[in-house]
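1. Coordinates for the following, if possible.
(chains A and B)
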Amino acid sequence: MVTSVTNNDDDDNVVTAPSSSPPSSVSEKKTPSESEIYDRQIRLWGAEAQKKMRQSKVLYIHVTGVSAEIIKNLVLAGIAATVCDPRPASVLQDSCRCFFTPLEDGQPTKKIKYDSAAHAAQPLIEELNPLLGSCPLITKPVAELTEDDLKEFTVVVASQIYMADAIRLSQLVTQQQGHAFYVADCFGLRGAAMIDLGKDYQYRPEIGKNLGDPTPLKDYAPLSEMVQVPLHRAVNRFHKQPPSTWIMYRCLLEYQQQSQVWLGNDPTDMAAAAKSSIQIFLKEQQVSLSDEQLEDLIMAGMAQVAPVCAVLGGVIGNEVIKIITGKGEPANNSLLLDGDTCKVWTFLVKAKE
Amino acid sequence: MTNPLAGLEKTVGKDMLHKIQTSNILCVGAGGIGCELLKDLALSGFRRVQVIDLDTIDVSNLNRQLLFRSKHVGMAKCIVACQVAAEMVPPLSVNEEENDSANGSSNGNSSNLPKVTYQAHHGNVCDTSKFNVPFVKQFDLVLNALDNVEARRRVNRLCLAANIPLIEAGTTGYLGQVTVIHKGSGVACYECKTQETQKVYPICTIRSTPSMPVHTIVWAKELYKLLFHSKVEESMLFEDPASDEPSTYMEGVFQLREQLANSTFDTKTSKQVLQDLYATEIQKQLDMDRYKAAKKTPTCLDLTMLENGMQRSAPTTTTEIWSLEDSVAALAACIQQASQTPKNELLQEFDKDDDLAMRFVTAASNLRSSVFGIEPLQSLYSAKGIAGNIIPAIATTNAICAGLQILQAFKILKQQLLLEQQQKDRAELQLGKTCLYVNCIRNRTRNGLYLTASALEDPNPNCFVCKNAVIPLALNVEEWTLQDFLERIVKKRLGFEEPTLMLQGDFIWEEGDGAEDDYQVNLPKKLTALPCGGIQHGTVLEIDDNSQNLSIQVSVTHQDVWEGDEVPDFPFSVGNMPVKKKEEEKPTSSESASAAAVAKPTDDDDDVVEIIDDDEVTTSGGDRKRPAEDGGKSPPRSKRRRVKK
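-> Residues are numbered from 1 along each chain as shown, chains lettered A, B, ... in the order given. From the prediction side, this is the model:
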């Protein structure tokens, strides 16, 4: 059978998203309560943690495959989302394919012109968890976000943003103690996140079922410093060689900075030029990638692959919940995913003193 | 315009994308993991997917099962999931989609790709008439998203028999794991490790010597049945009033049941029953020196307190622990309410989602815990967790595990594609060096890992499922009948659906489609008295099950004396429920254990009671701390009680 869906478009004010409506039964159902909906997770992290989640807000800058996963995980769990994505709505359909895809799929839905990707994602996010009410948008360009715009968010998660913006935003966000900034990206079968928890970050370690006393983060390197660490020095006692996933991610950021376009979103005839510019960067940084890795990187660019986004999005979702509830030692200051070896690990990128 | 799958195509290659779009996938379960799998499959461009699930959508699913909304509560999971997921499949290109819409067909197959077909099977995967080896053989691979051992065992066997790769996953809270099972690759199967099926509590622990909250909760569930079930003998606490010395509470219970039936309810009767349950009967047992050797001596419920409690109004809090007076008040109020509830609306058995039943069980178990000095007392909320055996489940872990399953699926499809390109038989598929066993953990390892991956394990040479190992079985062949043996060992413990039993090449039992009735006469026979020489000490019995393509041998040892209450270790050396030696028991489980099941290994009158709750049952087990489950619910566990005298 090919599933078909009837959309109920009677109400002009309601945008019926394609993913929303198998014919629902007419019978009246009582509105479920928070404790019923969140029961299976409250039994894991407790009512106190759930309360903190309800009181916290997360800002998502750009909706991409991986950040859509994070939004889904956290909105379902009861953490309210605000979105800033001034890019055109069409980015949700092609390069950043994710499940927030309101405009297509051959549905007989009315095609709606959205002002931006944020506007397009908004009704879908609101639909994920009606308990959270409306999903506010910030419509200004990322480069113009101010401290005032950011201060109400415990966590800011950005994806596919320019390095200069990432550095500036990380500084603005972490001015408030306990607030955290994440940049998360997936590229082909790999993914990476940069994490800035601020210099005085404290967490409560989990010791069995109990919580330890507030503990300061052991090592801190701000995001601005992370991206300055020469790649050949991005090593530690467990990784004598710089992790190739980190090298690849830096290459992508570097290429974007140089060419003002994300690798993979550029015209394919640019591949040769991209390759040579990345090779120059690798040489400067005194590191190398295998031919195969380099080919994969150039080929895939910033491709968003659903299962890869799901894995990294899940891990970062857990991290954001740690930050908001204060429970558990957070990853610091990078998270790296290799979908081929099915490993995710955290890695401290910091210049040796 | 852009192709929405261009990124995936660039990542995995054109041929591989085509393989993805044309492959045929079975997803068993449409719950926590299942929803995530379907979303990933759809977004990755999979076009041919079938889903089996028998469950309906519950409010408590909404915190993680992304394909469902509150308006879907009560609807079949697989049907809603298929509809929603099918719409997430990207059109072949945005242009094409527009053309398709114009032609009135979605996702058309102008490029010879199959139509997008997400097919729902609302049913139980253990239903062999629909879901059997030929059914499984049509798929390129199977994804498990289940929440219980029984269904996992079944899918494991079907996939082994069909030689189709199975990608297994399970989650519990923050923990998860993913592995791949494939007969032809010579890797471990699901049953290479002992799976803990049910928490089992001896009956006398429940009836006489509780020592943990879970024991009193199980007792309270039985008390609920004793009072409200249409057949009073369904309760484990039931005693025949005509028997020698029935418990003191039975008289009051019968009076109360009669009043409930005739609408002549009187609160005095409920007070009398409570007094009998929590004081008179306890005192009687104390007087019989029943607790002389016990570590803790029970104390009767204070009658003044009982009196006070009866005057109070019932507590309303669900998260605070009720005082004893409050518990009395709550229990009395529940009985009162039951007396006013139309009979067809009153549940006969406990259900954790029924408010009356839950308040009843919370109050009744706490009163009993206080009598036996068991701590801690439980709030309604926490009692619900124990009584319903609720496993915590979150979106993130499910998303991670489902994502890992799809990454494994990519690896398998890639291997299959290579075989096709080399024009080799797909039976040559080897996954041992390709696929991985992945664990998702809460606290990173020393070198920073949150997901650890290792090679798939080797099979257990003693596995009776994938290595045809002979199963050693010790039991009393003089006491067991064929019927006991079939139900308790062959079906329940070995997971057979339609067993055929053979002794020295001759049938002694068969069932299933077309089975002859001739063997029915063997059912009541003792094992030793069966035809073909019977099952004796040293007999090797052959058991087949065509529905699962499984054939095993059981080497029987006669044993009639058993050490104490030793719980048999299954499956590789089965001792089982000895007829009798000594009635004594110790708790068999840890604090967090579920109240899901009760069984009695030994008892004077050879009663065997298995009570299997059909709620979300713990099904974890195995050395690797296999996390349990957040998948779709599969088979309903039967509620069974057998009494033979």
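2. Give me the secondary structure label for the residue in the stretch 201-350 of chain B that chain A sits nearest to.
-> Using Cβ to the nearest Cβ, the closest approach of the stretch 201-350 of chain B to chain A is made by B:Thr319 at 7.1 Å. From N, CA and C alone the C-beta is placed, and that goes for glycine too. At B:Thr319 the chain is in coil, as set by DSSP: H, G, I helix; E, B strand; the rest coil.
3. So what's the residue count around it?
-> The number of residues packed near B:Thr319 is 11, by other Cβ atoms under 10 Å in any protein chain shown.
4. How about B:Asp458?
-> Using other Cβ under 10 Å, the number of residues around B:Asp458 comes to 11.
5. Please identify the helix or strand for it.
-> Element membership for B:Asp458, per DSSP states H and E: none, as it lies in no helix or strand.
6. For it, which non-adjacent residue is closest in space?
-> B:Ala188 (6.2 Å; Cβ to Cβ, 6 or more residues apart in numbering or on different chains).
7. As a check, name the ranges of all strands in the stretch 151-300 of chain A.
-> Secondary structure of the stretch 151-300 of chain A (DSSP state E, counting those that start in this stretch): strands at A:155-158, A:180-187, A:190-196, A:202-203, A:206-207, A:210-211, A:215-216.
8. that older thread, surely the residue nearest to B:Asp458 meets B:Ala455?
-> No: between B:Ala188 and B:Ala455 no contact is recorded; they are 10.6 Å apart, counting by Cβ atoms under 8 Å.
9. higher neighbour count, these two?
-> The residue with more neighbours, out of B:Ala188 and B:Ala455, is B:Ala188; 19 against 12, by other Cβ under 10 Å.
10. And that one, what's its pLDDT?
-> Per-residue confidence (pLDDT) for B:Ala188: 95.
11. Am I right that it falls within a strand?
-> No: under three-state DSSP, B:Ala188 falls outside any strand and is assigned coil.
12. Who are the contact partners of it?
-> Contact analysis of B:Ala188 by Cβ atoms under 8 Å, 6 or more residues apart in numbering or on different chains lists B:Thr179, B:Ile181, B:Leu456, B:Glu457, B:Asp458, B:Pro459, B:Asn460, B:Cys463, B:Cys466.
13. So the closest residue to the fourth one other than its chain neighbours versus B:Phe228, what's the distance?
-> Spelled out, it's B:Glu457. Closest residue in space to B:Glu457, ignoring its immediate chain neighbours: B:Ala188 at 4.1 Å, by Cβ to Cβ, 6+ apart. Separation of B:Ala188 from B:Phe228 (Cβ to Cβ, to the nearest Å) stands at 46 Å.
14. Low-confidence stretches in chain A?
-> Along chain A, the model assigns pLDDT under 70 to residues A:1-31, A:94-111, A:266, A:268, A:353.
15. what about the helices in it?
-> A:34-37, A:39-55, A:65-77, A:117-128, A:147-150, A:163-173, A:223-226, A:244-259, A:271-284, A:291-300, A:306-325 (DSSP state H).
16. could you dump these to CSV with distance to B:Arg153 and mean neighbour count?
-> Compiled in CSV, those are given as follows (distance: least, Cβ to Cβ, whole Å; neighbours: other Cβ atoms under 10 Å in any protein chain shown):
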stretch, distance to B:Arg153, mean neighbour count
helix A:34-37, 32, 17
helix A:39-55, 25, 18
helix A:65-77, 31, 29
helix A:117-128, 35, 22
helix A:147-150, 52, 14
helix A:163-173, 49, 20
helix A:223-226, 48, 20
helix A:244-259, 38, 21
helix A:271-284, 50, 15
helix A:291-300, 39, 17
helix A:306-325, 27, 28
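17. what about the closest residue to A:Leu59 other than its chain neighbours, neighbour count?
-> Excluding the flanking residues, the one nearest A:Leu59 by Cβ to Cβ, 6+ apart is A:Phe153, at 4.2 Å. Look at A:Phe153: counted by other Cβ under 10 Å, it has 21 neighbours.
18. B:Val477 too?
-> Close neighbours of B:Val477, defined as other Cβ under 10 Å, add up to 24.
19. same check, this time on B:Gln311
-> Residues lying near B:Gln311 (other Cβ under 10 Å) number 10.
20. check contacts around the closest residue to it other than its chain neighbours.
-> Using Cβ to Cβ, 6+ apart and skipping the chain neighbours, the partner closest in space to B:Gln311 is B:Ala329 (7.9 Å). Counting by Cβ under 8 Å, 6+ apart, B:Ala329 touches B:Gly309, B:Met310, B:Gln311, B:Arg312, B:Ser313, B:Ala314, B:Pro315.
21. Enumerate every residue touching residue 119.
-> Just going to use chain A. A:His119 sits next to A:Ala89, A:Leu137 when contact means Cβ under 8 Å, 6+ apart.
22. My question was about chain B, not that one.
-> Contact analysis of B:Gln119 by Cβ under 8 Å, 6+ apart lists A:Met1, B:Val49, B:Gln50, B:Val51, B:Cys82.
23. Let me know the helix or strand that the closest residue to B:Asp240 other than its chain neighbours is in.
-> Using Cβ to Cβ, 6+ apart and skipping residues adjacent in sequence, the residue nearest B:Asp240 is B:Pro246, 6.8 Å away. Per DSSP H and E, B:Pro246 falls between elements, in no helix or strand.
24. got it, and B:Val180?
-> In this structure, B:Val180 sits in strand B:175-181 according to DSSP H and E.
25. helix or strand right after that strand?
-> Per DSSP H and E, the first helix or strand lying C-terminal to strand B:175-181 is helix B:203-207.
26. Going by contacts, tell me the helices and strands next to that following helix.
-> Contacts defined by 3 or more Cβ pairs under 8 Å, 6 or more residues apart in numbering or on different chains; DSSP states H and E place helix B:203-207 against helix B:213-228.
27. Let's see that with 10 Å instead.
-> Packing contacts for helix B:203-207, counted by 3 or more Cβ pairs under 10 Å, 6 or more residues apart in numbering or on different chains; DSSP states H and E, involve helix B:213-228, strand B:597-598.
28. ok, is the helix or strand where B:Lys384 lies in contact with chain A or not?
-> Per DSSP H and E: B:Lys384 is located in helix B:380-387. Yes: using Cβ under 10 Å from any Cβ of the partner chain, helix B:380-387 comes into contact with chain A via B:Tyr381, B:Ser382, B:Lys384, B:Gly385.
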